[in-house]
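Asks: my questions concern the predicted model and sequence given below.
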Amino acid sequence: MPRLMNRGYGRGCRRSFWGFRRFGGFFGIIDLLVIIAILYVLIKLFLVASPYVITLVVLLLLREFLRSRV
């Protein structure tokens, strides 16, 4: 039997309705706020970069269609 799998292993982990309590307590709230901030930055970055990507794709398609076929 492994050392960590002794009697009482896992008894301190209470389950809630949503599964394990991942964001419980003070540090859980901080983790949740950090995850929300990261998602906010990624969405803002996507909104800023998407016009450049669309423009690049349109220019590449125009170049492909206007290229002379010999």
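Replies: Nice, I can see it. Numbers count the residues shown, from 1 in each chain.
Asks: count the neighbours of Asp31 for me.
Replies: By other CB atoms under 10 Å, the residues close to Asp31 number 13. All C-beta spots, glycine's among them, are computed from the backbone N, C-alpha and C.
Asks: okay, and it sits in which element?
Replies: If you go by DSSP states H and E, Asp31 is part of helix 25-66.
Asks: and that helix, average pLDDT?
Replies: Helix 25-66 shows a mean pLDDT of 94.
Asks: by contact count, what packs against that helix?
Replies: Using 3 or more CB pairs under 8 Å, 6 or more residues apart in numbering; DSSP states H and E as the contact test, no helix or strand touches helix 25-66.
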